[in-house]
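In: Based on what follows, work out the 3D shape:
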Amino acid sequence: MSQYVAAIDQGTTSTRCMIFDHDGAVVSVGQKEHQQIFPRAGWVEHDALEIWGNTREVVGQALARSDVGPADVVAVGITNQRETAVVWDRATGRPVHNAIVWQDTRTTTIIEELGRLGGGANRYKDTVGLPLATYFAGPKVRWILDNVDGVRERAERGELLMGTIDSWLIWNMTGGPDGGQHLTDVSNASRTMLMDYRTLAWDESIAEEMGIPVSMLPEIRSNSEEYGRGRPSGFLAGVPIAGSLGDQQAATFGQVCFARGMAKNTYGTGNFMLLNTGEEAVRSENGLLTTLCYQLGTAKPVYALEGSIAVTGSLVQWVRDNLGLISAAPEIEDLARSVEDNGGAYVVPAFSGLFAPHWRADARGAVVGLTRFVTKGHLARAVLEATAYQTREVLDAMNADSGVDLTELRVDGGMVGNELLMQFQADLLDVPVIRPRIAETTALGAAYAAGLAVGFWSDLDELTAKWSEDRRWEPRMPAEERERNYRNWQKAVTKSLDWVDEDVS
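Out: The predicted model follows:
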């Protein structure tokens, strides 16, 4: 009987189930989008019950589109949008509010209040590796406790649980109100602003200062071990749930960046570059995050430096859905190719402020350099180039923090099919950009972690041998042109700053 590993990839815009064979090849896929809820400018929410329903549906789709039955699946891994926060009733399984998404900026006041206690944006950085920012999950939970009637009292009575989406799915998959396991993994826990990255334990003093009862917090586990099994009446009944990683750590794992100094960049809703720093947690002095990369069972944790960019692929969606310049995302490449360059136009997509390396919640999106010469083709090109420029900013910070210049960049995610963007990225970074044979490495990383835990794959060397290159882009832009373009981008960024104040949000 053939055996397989399933991965549930719960992302910002959709949920997928991918089934992999022993070679790491995709056997089948199920996918379904979920609603994006925008109650106010800067607010982004998801319906956690919709996500749970979609998860069950896409697993059924993946199984139905193959000859694989639940009995053939030896393990399931989970990967998820990381900082999105859910609070739910432990007795009923009902969320008390929509999930607050990682892009959401409503916690600005909470962040400012915490900063005024001392230390400013770096108040917790020595403990959690993160600056104070609206990005992270802990303040989102605090907002729910403070703003939904009766919720704080229920939390203090021990009636409520909190978690990122991995916790929500694992709890439901293992029984929900009937014995569901309330767990998270080190990579997701490291994105809450509540976990000490050295001890891999919750810092109760930070939780108290943030106003979050410790009774709400899930147990922290490694990324590769058996957490529990699918509930007997469920869609993966009896299957070990054995891997869990935040989406960007999962992509790093799927890109087999197991050696210190290896890096990958994922081009999705946002962009996320991770550099493996080995067993050393490197404190960033240049606007990056110190984060957990992965921990396998009882082995020592592996750390990473991360540059998180809020808006890249979602900028293309905005051009499609809000402006109507294209009817499908892939069309932007043809539109951008209709012109030779950006015509002097630059788009700074600070829809949720600017993340790494700036961390400016007061920034908002800007289009600068406009003249009568600029066409929709130039704007399409500027939209794609914005992703590459933001990546250059992060790479410069990463080189400065690590002390070692990156020599190549492994890339993955939905946007890496855009060859115009990939060539411009190589030109702007002045290093080769390499796309693997399996570009959707996020789900693959979750599958790898789960398969390792149950012995489906033997070790990291076996996984490394499975990686293969699909396409490589070599830099070819003259240095003078590269630096002139980048200098203009940096000027454009300054025009997006200091926009938000008491009157403008």
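
In: just for the chain, where's the confidence low?
Out: Low-confidence segments of the chain, defined by pLDDT under 70: 1, 502-505.

In: Longest helix in this protein, please.
Out: Determined from DSSP state H, the single longest helix within the chain is helix 376-402.

In: Please tell me how far it is from the chain's geometric centre.
Out: Relative to its chain's centre, helix 376-402 lies at 18 Å (CA atoms, centre = their mean, to the nearest Å).

In: next one: stretch 226-238
Out: In terms of CA atoms, centre = their mean, the centre of stretch 226-238 is set 26 Å apart from its chain centre.

In: ends of that stretch, how far apart?
Out: 12 Å (CA to CA, to the nearest Å).

In: Which positions in that stretch come out as buried?
Out: 227-231, 234-236 (16 or more other CB atoms under 10 Å). Every residue, glycine included, has its C-beta placed from N, CA and C.

In: Farthest pair within these?
Out: 227 and 235 (16.6 Å; CB to CB).

In: re the thing from before, could you dump the buried residues of stretch 226-238 to CSV with secondary structure and distance to residue 205?
Out: Below are the buried residues of stretch 226-238 laid out as CSV (DSSP: H, G, I helix; E, B strand; the rest coil; distance: CB to CB, whole Å):
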residue, secondary structure, distance to residue 205
227, strand, 27
228, strand, 30
229, strand, 35
230, coil, 37
231, coil, 36
234, coil, 38
235, coil, 40
236, coil, 39
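
In: Not counting residues beside it along the chain, what's closest to residue 261?
Out: residue 404 (6.1 Å; CB to CB, 6 or more residues apart in numbering).

In: secondary structure element for the one you found?
Out: Under DSSP states H and E, no helix or strand contains residue 404.

In: hang on, it packs against residue 260?
Out: No - under the criterion of CB atoms under 8 Å, residue 404 makes no contact with residue 260, lying 9.4 Å away.

In: Which one's more surrounded, the two?
Out: It is residue 260, of residue 404 and residue 260, that has more neighbours when counted by other CB atoms under 10 Å, with 16 against 11.

In: any idea how far residue 143 is from residue 96?
Out: Residue 143 sits 12 Å away from residue 96, taking CB to CB, to the nearest Å as the criterion.

In: How about residue 466?
Out: Counting by CB to CB - residue 466 and residue 96 are separated by 43 Å.

In: For the helix or strand that residue 78 is a member of, which strands pair with it and how are they oriented?
Out: In this structure, residue 78 sits in strand 73-80 according to DSSP H and E. As defined by DSSP bridges, the strand partners of strand 73-80 come to strand 4-10 (parallel), strand 240-246 (parallel).

In: And it, how far out from the chain middle?
Out: Worked out by CA atoms, centre = their mean, strand 73-80 lies 17 Å from the chain centre.

In: likewise stretch 51-62?
Out: With CA atoms, centre = their mean, you get 20 Å for stretch 51-62.

In: Please spell out which residues along it are buried.
Out: 51-52, 54-59, 61-62.

In: The closest residue to residue 204 other than its chain neighbours: neighbour count?
Out: Nearest residue to residue 204, sequence neighbours excluded (CB to CB, 6+ apart): residue 214, at 5.6 Å. Counted with other CB under 10 Å, residues neighbouring residue 214 total 10.

In: what does the one 5 residues further on give?
Out: Around residue 219 there are 12 other residues, counting by other CB under 10 Å.

In: any idea how far residue 500 is from residue 390?
Out: Using CB to CB, residue 500 is found at 19 Å from residue 390.

In: out of these two, which sits in the busier spot?
Out: Legend: neighbour count by other CB under 10 Å for residue 500 and residue 390, higher for residue 390 (28 against 18).

In: contacting residues around residue 62?
Out: Going by CB atoms under 8 Å, 6 or more residues apart in numbering, residue 62 touches 6, 17-19, 28-30, 68.

In: Please, which helix or strand holds it?
Out: helix 48-64.

In: which residues does the closest residue to residue 234 other than its chain neighbours contact?
Out: In this structure, residue 234 finds its nearest non-sequential neighbour in residue 173, 6.4 Å apart by CB to CB, 6+ apart. Contacts for residue 173 (CB under 8 Å, 6+ apart) come out as 180, 228, 230-231, 234, 236, 241.

In: what's the answer for residue 314, then?
Out: So residue 314 contacts 12, 103, 269-270, 349, 351 (CB under 8 Å, 6+ apart).

In: count of neighbours near residue 74?
Out: What residue 74 shows, counting by other CB under 10 Å, is a neighbour count of 19.

In: From residue 242, how far off is it?
Out: In terms of CB to CB, residue 74 sits 9 Å off from residue 242.

In: Need the overlap of contacts for the two.
Out: 451, 454.

In: Residue 168 touches residue 88, doesn't it?
Out: Yes - shown here, residue 168 and residue 88 form a contact pair, counting by CB under 8 Å, at 7.1 Å.

In: More neighbours: which of the two?
Out: residue 168 (31 against 26).

In: for that one, helix, strand, or coil?
Out: Here residue 168 is recorded as helix under DSSP: H, G, I helix; E, B strand; the rest coil.

In: dump the residue contacts of it.
Out: So residue 168 contacts 48, 51-52, 86, 88, 99 (CB under 8 Å, 6+ apart).

In: farthest pair in those residues?
Out: That would be 51 and 88, which, of these, are the farthest apart (CB to CB) at 11.9 Å.

In: ok, the buried residues of stretch 51-62 vs residue 386, which is closest?
Out: For the buried residues of stretch 51-62, the nearest to residue 386 is residue 51 (28.7 Å; CB to CB).

In: I'd say residue 210 and residue 140 touch.
Out: No - judged on CB under 8 Å, residue 210 makes no contact with residue 140 at a distance of 10.5 Å.

In: So these two - more neighbours on which side?
Out: With neighbours defined as other CB under 10 Å, residue 210 and residue 140 compare such that residue 140 has more, 29 against 19.

In: Check which helix or strand residue 158 maps to.
Out: Counting by DSSP H and E, residue 158 is part of no helix or strand.

In: how close does the nearest residue to it once chain neighbours are set aside sit to residue 178?
Out: Among residues not flanking residue 158 along the chain, residue 215 sits closest, at 4.7 Å (CB to CB, 6+ apart). Taking CB to CB as the measure, residue 215 falls 20 Å from residue 178.

In: Neighbour count: those two, which is higher?
Out: residue 215 (14 against 9).

In: export stretch 6-24 as PDB, just CAs?
Out: Extracted in PDB, the C-alpha atoms of stretch 6-24 (Å, rounded to 0.1, in the frame of the first residue of the first chain):
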ATOM      1  CA  ALA A   6      -0.900  15.600   3.800                       C
ATOM      2  CA  ALA A   7      -0.300  19.300   4.500                       C
ATOM      3  CA  ILE A   8      -3.000  21.900   5.400                       C
ATOM      4  CA  ASP A   9      -1.800  25.300   4.300                       C
ATOM      5  CA  GLN A  10      -4.100  27.900   5.900                       C
ATOM      6  CA  GLY A  11      -3.100  31.200   4.300                       C
ATOM      7  CA  THR A  12      -4.300  34.800   4.300                       C
ATOM      8  CA  THR A  13      -6.600  34.500   1.400                       C
ATOM      9  CA  SER A  14      -7.300  30.700   1.100                       C
ATOM     10  CA  THR A  15      -6.900  27.300   2.600                       C
ATOM     11  CA  ARG A  16      -5.300  24.400   0.800                       C
ATOM     12  CA  CYS A  17      -4.700  20.700   1.400                       C
ATOM     13  CA  MET A  18      -1.800  19.200  -0.600                       C
ATOM     14  CA  ILE A  19      -1.000  15.500  -0.600                       C
ATOM     15  CA  PHE A  20       2.700  14.500  -1.100                       C
ATOM     16  CA  ASP A  21       4.200  11.200  -2.000                       C
ATOM     17  CA  HIS A  22       7.600  10.000  -0.700                       C
ATOM     18  CA  ASP A  23       9.500  11.900  -3.400                       C
ATOM     19  CA  GLY A  24       7.900  15.100  -2.300                       C
END
